[in-house]
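K.L.:
no FASTA, just this:
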């Protein structure tokens, strides 16, 4: 039994569009910050909250609404959600259709012997294991070797960190460095604004630096993640046997780009 997101094709498209819109807005925002001098930190934070964080939160809420379990047992595929239960005899399955584009994540649909598709599509927590279980139980073979499943295999095991730790907690360190530099330049010392304008203004400025850094780190990590997943997907199509090695390489690259690259970029900013 696996956790799975169980939705209709329209639901899947809706989540993918909402996620894509939020991600596109993030990169357009960063482009504006890079090319224009009049984009204030406050405007950056507000734009991120409304145009990126809000769509991403909506997509997460939709996933939670459609969350359930998928199981292969006793000759049946059983899909369970809070509001419904669907059972499909494996003998009535004519084909497994993994999604060619893993949006909003790796998943599949089921073709039935009647010629129709099952109304519900699913994103199991481990697509490769679920497809393997289906084929072992008698479902039509072949899907396990598809590029979509080759891409998904090993994806669940990639190293990750909770967003609070990765962005909010880690982001405080570079934010504090830039905030301290700003305080020295504008007020003559770390607590210059504190003594001149009071603790409220000092804390507000620190919060703006911190929140702005969270936005920048989110954009940086998202850029590397999108590039990494595109490379692995391309490898799954072009050279399936090499895909696990490609996955390991891009995961190392993403880890280094974030946990080593961010401190390096901060240091370069002060050494330049």
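P.N.:
Perfect, I can see it now. From a predicted model like this one, the values you see are computed outputs, not experimental measurements.

K.L.:
and for the worst-scoring helix or strand of the chain on mean pLDDT, what are the contacting residues?
P.N.:
Every helix and strand in the chain was compared by mean pLDDT, DSSP states H and E; the lowest is helix 163, with a mean of 89. Helix 163 is contacted by no other residue when judged by C-beta atoms under 8 Å, 6 or more residues apart in numbering. (Each C-beta comes from the backbone N, C-alpha and C, glycine too.)

K.L.:
Roughly how far does residue 128 sit from residue 232?
P.N.:
Residue 128 is 13 Å from residue 232, where distance means C-beta to C-beta, to the nearest Å.

K.L.:
thinking again about what came up before, can you give the distance of the least confident helix or strand of the chain from its chain's centre?
P.N.:
10 Å (C-alpha atoms, centre = their mean, to the nearest Å).

K.L.:
What's the local residue count around residue 174?
P.N.:
Other residues lying near residue 174 total 20 when counted by other C-beta atoms under 10 Å.

K.L.:
name the element it belongs to?
P.N.:
Here residue 174, judged by DSSP states H and E, is contained in helix 170-187.

K.L.:
ok now that helix, how far from the chain's centre?
P.N.:
29 Å.

K.L.:
Please apply the same query to stretch 260-272.
P.N.:
25 Å.

K.L.:
now stretch 213-227
P.N.:
With C-alpha atoms, centre = their mean, you get 10 Å for stretch 213-227.

K.L.:
all helices for the stretch 151-272 of the chain, in order.
P.N.:
For the stretch 151-272 of the chain, applying DSSP state H, counting those that start in this stretch gives helices covering 163, 170-187, 192-197, 199-238, 243-255, 261-271.

K.L.:
I'd like those written out as TSV, with distance to residue 40 added.
P.N.:
TSV is the format used below for these (distance: least, C-beta to C-beta, whole Å):
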stretch	distance to residue 40
helix 163	25
helix 170-187	14
helix 192-197	17
helix 199-238	9
helix 243-255	30
helix 261-271	19
